[in-house]
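A.B. asks: Okay, predicted coordinates and the sequence, questions at the end:
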There are 4 protein chains.
Amino acid sequence: MTLKTVEQYYESLRQMNPTAYILGERVTSAIDHPLIRGQVAAVAQTYALAQDPEGKKLLVGESKLIGGEVSRFVKLYESVDDLLTKVKMLKLLSQRVGTCYMRCTGMDALNATAVVTYEVDRKYGTNYQERFLKYLKYVQENDLVVWSGVTDVKGDRSLRPSAQTDPDMYLHIVDKTKDGIIVRGAKIHQSGSLCAHEGLIMPSREMKEGDKDYAVCFAMPGDAKGIIHVYGRGTLEERAMEETDLGNIEFSKFCPLVIYDNVLVPWDRVFLCGEYEFAGQLVRAFSSYHRHSHGGCKSGVGDVLIGAAAAIAEYNGVADASHINAKLVEMIRTCQAMYGCCLAASVEANKSNSGVYLVDSALANTAKLYEGREYHEVLRLLVEIAGGLVADMPSEKDLRSPEIGHFIEKYLKGTADVPTEERMRMFRLIEKLTFETRDIVSNIHGGGSPEAHRMTLLRDTDLETKKELAKRLAGIKEKGGGENK
Amino acid sequence: MTLKTVEQYYESLRQMNPTAYILGERVTSAIDHPLIRGQVAAVAQTYALAQDPEGKKLLVGESKLIGGEVSRFVKLYESVDDLLTKVKMLKLLSQRVGTCYMRCTGMDALNATAVVTYEVDRKYGTNYQERFLKYLKYVQENDLVVWSGVTDVKGDRSLRPSAQTDPDMYLHIVDKTKDGIIVRGAKIHQSGSLCAHEGLIMPSREMKEGDKDYAVCFAMPGDAKGIIHVYGRGTLEERAMEETDLGNIEFSKFCPLVIYDNVLVPWDRVFLCGEYEFAGQLVRAFSSYHRHSHGGCKSGVGDVLIGAAAAIAEYNGVADASHINAKLVEMIRTCQAMYGCCLAASVEANKSNSGVYLVDSALANTAKLYEGREYHEVLRLLVEIAGGLVADMPSEKDLRSPEIGHFIEKYLKGTADVPTEERMRMFRLIEKLTFETRDIVSNIHGGGSPEAHRMTLLRDTDLETKKELAKRLAGIKEKGGGENK
Amino acid sequence: MTLKTVEQYYESLRQMNPTAYILGERVTSAIDHPLIRGQVAAVAQTYALAQDPEGKKLLVGESKLIGGEVSRFVKLYESVDDLLTKVKMLKLLSQRVGTCYMRCTGMDALNATAVVTYEVDRKYGTNYQERFLKYLKYVQENDLVVWSGVTDVKGDRSLRPSAQTDPDMYLHIVDKTKDGIIVRGAKIHQSGSLCAHEGLIMPSREMKEGDKDYAVCFAMPGDAKGIIHVYGRGTLEERAMEETDLGNIEFSKFCPLVIYDNVLVPWDRVFLCGEYEFAGQLVRAFSSYHRHSHGGCKSGVGDVLIGAAAAIAEYNGVADASHINAKLVEMIRTCQAMYGCCLAASVEANKSNSGVYLVDSALANTAKLYEGREYHEVLRLLVEIAGGLVADMPSEKDLRSPEIGHFIEKYLKGTADVPTEERMRMFRLIEKLTFETRDIVSNIHGGGSPEAHRMTLLRDTDLETKKELAKRLAGIKEKGGGENK
Amino acid sequence: MTLKTVEQYYESLRQMNPTAYILGERVTSAIDHPLIRGQVAAVAQTYALAQDPEGKKLLVGESKLIGGEVSRFVKLYESVDDLLTKVKMLKLLSQRVGTCYMRCTGMDALNATAVVTYEVDRKYGTNYQERFLKYLKYVQENDLVVWSGVTDVKGDRSLRPSAQTDPDMYLHIVDKTKDGIIVRGAKIHQSGSLCAHEGLIMPSREMKEGDKDYAVCFAMPGDAKGIIHVYGRGTLEERAMEETDLGNIEFSKFCPLVIYDNVLVPWDRVFLCGEYEFAGQLVRAFSSYHRHSHGGCKSGVGDVLIGAAAAIAEYNGVADASHINAKLVEMIRTCQAMYGCCLAASVEANKSNSGVYLVDSALANTAKLYEGREYHEVLRLLVEIAGGLVADMPSEKDLRSPEIGHFIEKYLKGTADVPTEERMRMFRLIEKLTFETRDIVSNIHGGGSPEAHRMTLLRDTDLETKKELAKRLAGIKEKGGGENK
């Protein structure tokens, strides 16, 4: 049986021993740490729903590689339908979890690696794809969680990797031995790395010949020697530490900095090694896939945002106000646009030489652009609908206080039929949904910054053909003579 | 052979004799009138491209009804693929024509009627669908152009049809005879009615019992007794009258008011007759289809807008400016969002009882909302990129003037390698694309007003389920007791 | 000497003994509490700058009442120039403090009370203004900090105060004695109440006859018997508790719920008592003033936002990118619009009967509407410019760690010439500026919700006159006959 | 008496004999041409209102130069109050005229020339200011209309003036004689040149040493030898030609190309002649003034837009719909923002060395940026509110037709109490307000393109100081050592 249960997932994590630091302290059982366990619980839902008869329809697919059922999170995109199902799976999970379950990053990285190793081999006669498929088989058979290691810390952004003052600002090969390669560098924003079994590491940009050593792709377990996870702090942490006023009572997110301090990677886990002209293709394939993932994910979170807005309007007694409805419509349309563009990017997918399907990049980037800007307005609308208590509601501790609890109970009441505690819980959820940095900044910068999406969209657009359309209608003769047809 | 050639199309129109008024004058050969012929030419492209090997792939489908090839403009939507192809067909045509070819209105009306006549018959044992399919067969066999007659003049919009001071503000049945029904009223914004053979007329809103006589759907030839087409005037007409400074040198649009002055409709052309509770369903089905059409159409026009922007930037010598690129990206993303949502609305379509597929209304309305607001910003961006000559460029007559022509040639030159006349033509096209009222107002009000799209989107959204998602995450117990799972 | 020094301010607060609860605990020396002292420090700046030769020009004015210099925070608006100076004073302070110094609330409440007590007296022959001016003199002579108590907790927002299930959802008079009135209720979002000496309490909405007991305005010291301050929790609190990763190293904000548990208010501190028809006028005057304050304040914070964006772009090595400049311009223009509209609202001010100047409400509300929506986009742009480290940067504790500090130092470095710690500090400031709930939600809901601003703006607009302008141009005869001139 | 009457204005124009071409034809009495006379009528309002007791308060000021009353359109800005009054004057006129009265261009050019001639003289000991003031005296004494000649045709925009293939793409000095200078070139978008007595011509951009001959400023009568006005065609011209369906029944706008074909300018009318480093200062001063003018003007037109929206909503029977109100508020707030920023730019004005006041450039450009983008949305909202008849309403000729007039009367009726003709007139006005190119494109490109406004705003912003504000709050030491205070 290749599909792990939730228990097996937790058990498998406990057998690992990653090097982790949280707020300056070395932590041993990281997955039990209050700042970590919320996301482990979120990832666990990917296992739980795969066992659920309804969830299974979306979460489980058939692997040609191992000849049986696998989690879609470790499956290749082998058809338009696979891509459509992916979007719906992510939407469903986000509706249930309301935050990040991080397995999409590995899924997208695995697929991008499948596409590009095929191309590299075709050009150089290397055997990266064989190595990779062997690795993928291992991942599928063990139903592993993989995180993707893409974003380098980057140092001075005006300089190429090889031109940085410190050569380690992009992860690179520092040595090659008969056993493998030695890599050094650091990857930032590594959502949920401590919930994962494996990391699949790849370049974060296109490379030129001088950057050869930075063109590297490989996989390693999260507790490999030399890998250090440093927790990145965000907002609302004291709530998790105290287990009160959580907002989202079960799930949360964290994004560490992961340092590779001279890590030895065995050759059979190396999938790109100096073929610099493929670095760009690899990160672009990953990015298109991942922007596609975002649209599914965040339209699912969007359903929670819309639901929270509708619920709090009701609790406040203003559910019937026409301006509330107008704001809900604005929220809905942005979420639909993101979802719609991702479905469309699936329908317009193309089969790569490797057999894996590539999403339509223009549509995937369009979805992400709406997430980057208009979705932030969706959050603002939620705050506008909810009211000022998002800012400064007294704590659950005040509610429980024998001295002043009755005042809180009394004065934070909304409509007569909703218990004060429920209203407080809804406000806490809204606070979490709109002010938890890891969740919100991800809307803007996850899958690359909006400027990257804009550049990609422009690059994906064939302006010449469009110019010809305009010229034809205006009656302008084509260059090279002859009337337009 | 059921597919008409362009020549056959023109010939068939010449055999008709519609009652038409243009700017106060009775006109006999309307299709040759300079204010009309541009749109006839646009419609003719739907015939021309159906004969073209490439165009045929999108424009021609298989009819089960007559067992052979038919134009998709008279075909039922019998699969998701039919709906996807429709979007692409409309996009292609718009890219070629840059304005309206109006056959989508009839296509959408035919499909809506097919869906709803089935339902009416099921409830009342009527035989509307049989009548309708017989009529559709006739339309398919003769490859006819059908316009849809939906939008009533409406009078006082705060009043229902039957409550208006003048009962004719919505089209209605004034009498029934053994030969048929007599109808009276007027439909506004009837894009291209004089380019069509037939009109398919239906209610423009939901009806209550008191509005029974307004719940009527029927088909009539455009030159039937009592039907009067009154040209609606728009901007840029003097250009068409003088055949100069046309912008779009071949194609244009017109939208008459069509008056039904006691028109007798034979029973076999009546498809709804008083079953008021189906009026809303009929117009909603039409509207969803038509908002879906708009996304395909206007994303095709959008390619012309983007192409014109890129071309004029080049002609002005600023193609490399980064702010031009940033504006192009804004234009592109809105067009992609519209296109993407319409593809998605196709993928998420549902089969109705009649066997005809209904698009996903939420996604179709989302596309239209982007057309209604953001697409107007796309037009503004085009003007911003192009520059002030969109406002006030001297005329082609000035260019041709023996006295001052050389000044125009000299001073309206942009970059050295583009002839002045070509630059002028591009500016004229841009003027047409951004300031021709029938084209532009259609972005906002075509397929219903934005407020209608907003209300529809809200109605299509299941807020209750979304509220439950939020409550579950916040730890709020469901009503009726019990913990959330 | 009426102007207090910083030391005198602190000393005066220490002599008070307010009842305060923070996260469920009764706190005695509240102003030293880590969650409170940041805002006390911010308020202290209003004293510090009044002593500064440059600051004094804006912060100190002349009082006719006491015949000498007073802080503008306790001065009446006696001219257009007073209002212009107020905007500039608030902008200056916000530039220095980067968050809330809360004295504007009292300043606006004092002025609104001056305006309305005059009107009430004129109608009823009461002596509220005399009482109020005596009180104001006391405030001026002692240079006190006053908070305004406006926003009631409101319960079910669809119900009027007197129609609530619990009559205490709006603060009201529960008894009158020879010594004064007894009031009960609770006011929410009471920015910085624990930094103030006095509270000036007023209705939060217009009242009808049945709401008579809710039409009450009075002043009380913050440590009066029956007044309970309950800290409202926001984001980023653990940073203040631990004194690390503060972002804004000196200043912060808090907004308690303040409960009035049967508080006795002596008659000479009662300024409205049942004259329900003046409740609306009072809150509207306050609101216009306060929206006017926001524009000054938030355009000053805006300078910090813009400066932080420019600084981090430089630290990241992308200061020269054209898209960064384009985003800075968007940030700047919104801040200028807010600032400009508030200057204009000052210029267009009108003198009330009391002699106090009323700002132009339409312009003040317009400024606030830009703050409510576009300013949120300014925050998003700051995050977009800054990059993902706003979400999840490792802690200062990691930087200080003997084990991993060198990694943090190394990998969080940006451009070569900026120390890592400075870059980290700037990211922390940006995190604070964009994700601290009390600060951010205030943009949206401070001074009333955006919907309130919209309704006010509509009410302030004379649509009839504008309709006549349009009719005249269109050649439509005026009603009542006669040609338009 | 220096203030002309309307009759004197018309008479004075009739005594001129400009060389004018309209649609390829040489026209002699241009001001009577149907495409021209509407704007002459608009300019005439600047004379009419100066005679009106109410209008005079805003339109007439005191000239130190001639020691008496002058039209503000030829007066220098000698105080903040002059600038405030200017904004209000323009708003009033736009409310009355609903389109362009063009005298603001000359007013702004005169003031810019006054500022800069002073500076040039100070540097070079030239006597430009003396010449200019003599000229201005002449203009004031004769109450002349002056148009500003700024925008060159520009050719290839990537090239400087002196680098163009054709050296005439920017107006320049081609010879100097003892009588004066000979200039050649062409200025585009010359709003209302044929309504003016004089043109004041200046560079359209900053110049470098190689562009010396392009650094020229001078004044000439509109009928001087070698000056050719070529009408620039826009939308809706056939209405003016036929005098039907005008929309705005009295006023309209035109913007010719004005060619300078070796025009001899006498030395006493030359105000800059080769001092290239002042070209930029001159055009920037003009531009700031003119962006300031736009805010006053377009907020006045905005009142017409808002009034038309409110009127048509009433005529359609939907005045009470909450979504209509929401849209009106959006329209209002943009107009208020433009108006507010221009008042503020007046209040923040600085006195130049010449004694003339310079508006605050940042605030003036901010106003223009809102006009460039958000104001276009205001137009869209008007169309959204009005409905589809903006696109395609039958003509007044149809209404007058004996055959179908009764149908038009019947079917274009809205609410019962508004005559059909009035509703039609309002729709025509809305069509004019939203689709007349010269009016609408001016919102975007008048006073420079939005990109120019953005660059100006960035240049006006002191980013360094703002960065220091942020660093201080973050606890970052200033460069050069020392703790921040």
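C.D. replies: Done, it's in.

A.B. asks: residue boundaries of the helices in the stretch 1-150 of chain A?
C.D. replies: Using DSSP state H, counting those that start in this stretch, the helices of the stretch 1-150 of chain A run over A:6-14, A:37-51, A:53-59, A:80-97, A:103-124, A:128-142.

A.B. asks: other SSEs contacting the first one?
C.D. replies: In terms of contact count using 3 or more Cβ pairs under 8 Å, 6 or more residues apart in numbering or on different chains; DSSP states H and E, helix A:6-14 is assigned the packing partners helix A:37-51. C-betas here are computed from N, CA, C, even on glycine.

A.B. asks: ok, and what's touching the helix it packs on?
C.D. replies: For helix A:37-51, the surrounding residues in contact (Cβ atoms under 8 Å, 6 or more residues apart in numbering or on different chains) are A:3-6, A:8-10, A:13, A:31, A:55-56, A:58-60, A:71, A:73, A:92-93, A:96-97, A:99-103, A:143, A:145, A:191-192, A:194-196, A:240, A:248, A:250-254.

A.B. asks: among those residues, which ones are buried?
C.D. replies: A:3-4, A:6, A:9-10, A:13, A:31, A:55, A:58-60, A:71, A:73, A:92-93, A:96-97, A:99-103, A:143, A:145, A:191-192, A:194-196, A:240, A:248, A:250-254 (16 or more other Cβ atoms under 10 Å in any protein chain shown).

A.B. asks: Show the residue spans covered by the strands in chain A.
C.D. replies: A:19-22, A:25-27, A:60-63, A:68-71, A:146-149, A:172-176, A:180-187, A:198-201, A:216-221, A:227-230, A:257-266, A:270-273, A:350-351, A:357-358 (DSSP state E).

A.B. asks: possible to save those strands as a markdown table with mean pLDDT?
C.D. replies: What follows is these, written out as a markdown table (pLDDT from 0 to 100):
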| stretch | mean pLDDT |
| --- | --- |
| strand A:19-22 | 98 |
| strand A:25-27 | 97 |
| strand A:60-63 | 97 |
| strand A:68-71 | 96 |
| strand A:146-149 | 98 |
| strand A:172-176 | 98 |
| strand A:180-187 | 98 |
| strand A:198-201 | 98 |
| strand A:216-221 | 98 |
| strand A:227-230 | 98 |
| strand A:257-266 | 98 |
| strand A:270-273 | 98 |
| strand A:350-351 | 98 |
| strand A:357-358 | 98 |
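
A.B. asks: Compile those strands into CSV and extend it with columns for distance to chain B.
C.D. replies: Formatted as CSV, the strands of chain A follow (distance: least, Cβ to the nearest Cβ, whole Å):
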stretch, distance to chain B
strand A:19-22, 24
strand A:25-27, 27
strand A:60-63, 18
strand A:68-71, 21
strand A:146-149, 24
strand A:172-176, 31
strand A:180-187, 28
strand A:198-201, 29
strand A:216-221, 30
strand A:227-230, 27
strand A:257-266, 28
strand A:270-273, 30
strand A:350-351, 15
strand A:357-358, 15
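
A.B. asks: Excluding sequence neighbours, find me the nearest residue to A:Leu159.
C.D. replies: C:Gly317 (6.8 Å; Cβ to Cβ, 6 or more residues apart in numbering or on different chains).

A.B. asks: Looks like that neighbour contacts A:Arg157 (just checking).
C.D. replies: Yes - under the criterion of Cβ atoms under 8 Å, C:Gly317 makes contact with A:Arg157 at 4.3 Å.

A.B. asks: Quickly list what's touching both of these two.
C.D. replies: Common neighbours of C:Gly317 and A:Arg157 (Cβ under 8 Å, 6+ apart) are C:Gly414.
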